[in-house]
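[1] Below are the sequence and a predicted model; questions follow.
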Amino acid sequence: MNFFKIQVVGGLLIALSSAVPAYANDRTAAKYAYKVVNIEEAGVLNVRQKPSIKSPVILQLPADAKWIVKRTSDIQGRWQKVVWGASEGWVSNNYVNKDSQTSKLLEKYRQCANENPEKSMCCGFERSSAGHGRSHKIKTFRVVKVARGQSLNVRALGSASAKKIATLPHNAMGVVKYPNQQVGRGRSAWQKIRWNGRDGWVKASFLKYDPIISEYRNIVQQICSSY
């Protein structure tokens, strides 16, 4: 395997992983990880470009979003700059709170990365995920055709009339399809998916195969399963 290619793709770990937030080791990032609170089920938290209710919405966090990291150097009144995945923006502090479980995992990740810098891309890697063997190829998808600041509805069943149980941000990546779990409804096809530890159904036309993230995840699995 091309070593340079491994380095380049592996270097995307922090920015693209859904398990570990970007800037996890940034000195301006808070010690703890946070989660969304005070948002009704299947609702969203608006992330804004600037610390103002009039500022454009650049992302919407699901009601059960975790792994949010605060930028401690960026606070204005009740507004706090946060990082989630590869995105960052401003939210009201009333809607984020410390998450003890993910904070412990974040601390373990940071400790692992500091002690093993050459293997930092494998910190937080779940070895059980390699149980399918190296021949198993991961395919991931990203959300398309959703306007910036809007979200894709995730439903309990493959139907527009089914209960809304979650949302996917307009720029969500790392969506995994369940094989052979697609149903047709009129002109629409519904696909069962998993994202951020949550299962549900979305319209298949809003998903597009993402070769970059798919290759990245397969390389990480191949390298880290051998440690």
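    Ah, there it is.

[2] all contacts plus neighbour counts: C-alpha atoms, from now on.
    OK.

[3] ok, which stretches of this protein are helices?
    With helices called from DSSP state H, the chain shows them at 3-10, 13-16, 100-115, 211-224.

[4] Tabulate these (CSV), appending distance to Lys54.
    Output for these, formatted as CSV (distance: least, C-alpha to C-alpha, whole Å):
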stretch, distance to Lys54
helix 3-10, 37
helix 13-16, 28
helix 100-115, 31
helix 211-224, 34
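
[5] Tabulate the ones you listed in a markdown table, adding columns for mean pLDDT and distance to Asp74.
    Formatted as a markdown table, the helices of the chain follow (pLDDT from 0 to 100; distance: least, C-alpha to C-alpha, whole Å):
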| stretch | mean pLDDT | distance to Asp74 |
| --- | --- | --- |
| helix 3-10 | 35 | 29 |
| helix 13-16 | 37 | 20 |
| helix 100-115 | 88 | 20 |
| helix 211-224 | 86 | 30 |
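
[6] Please verify my assumption that Arg148 contacts His170.
    Yes. When contacts are counted by C-alpha atoms under 8 Å, Arg148 is listed as touching His170 (5.8 Å).

[7] Find the residues that touch each one of those two.
    Leu59 (C-alpha atoms under 8 Å, 6 or more residues apart in numbering).

[8] quick revisit: in a markdown table, list the helices of the chain along with mean neighbour count.
    As requested, the helices of the chain are arranged in a markdown table below (neighbours: other C-alpha atoms under 10 Å):
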| stretch | mean neighbour count |
| --- | --- |
| helix 3-10 | 12 |
| helix 13-16 | 19 |
| helix 100-115 | 16 |
| helix 211-224 | 18 |
